[in-house]
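A.B. asks: pasted the sequence and its predicted model underneath.
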Amino acid sequence: MSYIADRMACGLAIILRGSFSLYKSPDDWRFTGDIFDILAMYKTARGLVFDGIASTIEYAIPDQESDDLEAYEAAIKDKPTLSVLASTRLQRVLLKLAQGTYENDFTLALPAMVCIEKSYRHTVMLSLIKQNNEDPDVDLESVPDKEVWYRVALALYSVCCSTNPDISKQGFEACQKHLIGTFMEEVPDEKWIGVLKEMTTKQPSVASPLSRVNTFSLLGQMMVRLFPIMSVREKNWKDLTEVTKDAIVIADENMMNSYRGEPLFNYTAKIVANIYTQMASPNFGGEKRYCSWASDAFKKTLEKNGAVKDKKKKDAGHVTQEATSTAT
């Protein structure tokens, strides 16, 4: 197949773009998605596979930026659009492109991420429109498919891990938007824990300091946002403890492999300071004993790495830089 993969990909891309509106059966979309997935394994066909998916998404999904459901519903009635099933089948290939699944090739990660964002938002809007039409008084659920939400989160985070600082920054912003824009209670704790563990186990090399700052900043923001609620549930204590210990190891690595005044050291100190001061605050919420332990552990990391101005003033606010929750 390697000898004809590019021609097959080109032909299927043309068929998809010109005839997607004629697909009637779910099997049509399953077949198309599966064939694209197989063809993307071959380098000669990978770009053509992406072009076919991207051009279809660009044409078939509205560029409607507003969250106005009526406006979006009107836009999808103007011309044929992708169904939820169609979008998710194409997303499977895009997610793999963003994560470098095919031969560890990340060359299409950034454009794939753009398509993932657009297609995922489209599926959410279609779901909200359906919910609203069925019952206008119902509380709309903005995460209709928890597993798809989770896979998208991991793919966007993977782009954030890019060693290219510009790509990493765009991945950071996309992943931050995806995570922060989600109501926490709409996603099960195990999915949030899965995201946190992905962040602690998948980090760029310290040789890529700006990318490393982006991933650690995102981890810090999610800990501050999630721990007040998640730590009150005893079932989460073991996992949150592991995440906290791993985050401290990352912070140590960042500061031990950089010098005071360098972005990696300074921003890591800021992020750690923000985590520990937030957790130490009586307004933070969460399980008090756990938050006290975690706060103290982060504080000791600052002291260990010389990120405290005055040994006599080890309280929050006396770190090298003012605490902040974002590094970009």
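C.D. replies: Done, it's in.

A.B. asks: residue ranges with poor pLDDT in this structure?
C.D. replies: Where the chain drops to pLDDT under 70, the residues are 309-328.

A.B. asks: which residues in it form helices?
C.D. replies: In the chain, the helices defined using DSSP state H lie at 5-19, 26-39, 43-60, 69-78, 84-98, 109-134, 146-160, 165-180, 189-201, 209-230, 237-256, 263-280, 288-304.

A.B. asks: select, out of those helices, the one closest to residue 140.
C.D. replies: Closest of these to residue 140 is helix 109-134, at 5.2 Å (criterion: C-beta to C-beta). Using the backbone N, CA and C atoms, a C-beta is placed for each residue, glycine as well.

A.B. asks: show me what the closest one is packed up against.
C.D. replies: helix 43-60, helix 69-78, helix 84-98, helix 146-160, helix 165-180 (3 or more C-beta pairs under 8 Å, 6 or more residues apart in numbering; DSSP states H and E).

A.B. asks: can you add mean neighbour count and distance to residue 136 and give those back as TSV?
C.D. replies: Formatted as TSV, the helices and strands packed on helix 109-134 follow (neighbours: other C-beta atoms under 10 Å; distance: least, C-beta to C-beta, whole Å):
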stretch	mean neighbour count	distance to residue 136
helix 43-60	20	27
helix 69-78	14	10
helix 84-98	23	20
helix 146-160	21	24
helix 165-180	19	27
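
A.B. asks: if we can go back for a sec, in a markdown table: the helices of the chain, plus distance to residue 140.
C.D. replies: Converted to a markdown table, the helices of the chain look like this (distance: least, C-beta to C-beta, whole Å):
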| stretch | distance to residue 140 |
| --- | --- |
| helix 5-19 | 31 |
| helix 26-39 | 25 |
| helix 43-60 | 23 |
| helix 69-78 | 9 |
| helix 84-98 | 15 |
| helix 109-134 | 5 |
| helix 146-160 | 15 |
| helix 165-180 | 18 |
| helix 189-201 | 19 |
| helix 209-230 | 21 |
| helix 237-256 | 30 |
| helix 263-280 | 30 |
| helix 288-304 | 33 |
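
A.B. asks: report the contact partners of residue 108.
C.D. replies: Residues in contact with residue 108 (C-beta atoms under 8 Å, 6 or more residues apart in numbering) are 46, 47, 50, 97, 98.

A.B. asks: next one: residue 143
C.D. replies: 124, 149, 182, 183, 186, 187.

A.B. asks: quick one: which of the residues you listed is nearest residue 4?
C.D. replies: Nearest member of these to residue 4, counting by C-beta to C-beta, is residue 149, at 36.7 Å.

A.B. asks: buried subset of the contacts of residue 143?
C.D. replies: In the contacts of residue 143, burial by neighbour count holds for 124, 149, 182, 187, counting by 16 or more other C-beta atoms under 10 Å.

A.B. asks: am I right that the second one is in contact with residue 191?
C.D. replies: Yes - with contacts defined as C-beta atoms under 8 Å, residue 149 counts as touching residue 191 at a distance of 7.3 Å.

A.B. asks: between the buried ones among the contacts of residue 143, which sits nearest residue 264?
C.D. replies: residue 182 (28.7 Å).

A.B. asks: for that closest one, give its distance to residue 73.
C.D. replies: 23 Å (C-beta to C-beta, to the nearest Å).

A.B. asks: try residue 24
C.D. replies: Applying C-beta to C-beta, the value for residue 24 to residue 73 is 22 Å.

A.B. asks: same deal with residue 97?
C.D. replies: 30 Å.

A.B. asks: now the helices and strands packed on helix 109-134 as TSV including distance to residue 279?
C.D. replies: Shown next, in TSV, are these (distance: least, C-beta to C-beta, whole Å):
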stretch	distance to residue 279
helix 43-60	41
helix 69-78	38
helix 84-98	32
helix 146-160	23
helix 165-180	19
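
A.B. asks: of all those helices, which one is nearest residue 131?
C.D. replies: Counting by C-beta to C-beta, residue 131 lies closest to helix 69-78 out of the helices and strands packed on helix 109-134; the figure is 9.4 Å.

A.B. asks: which elements pack onto the closest one?
C.D. replies: Judged by 3+ C-beta pairs under 8 Å, 6+ apart, the packing partners of helix 69-78 are helix 109-134.

A.B. asks: thanks a lot, see you next time.
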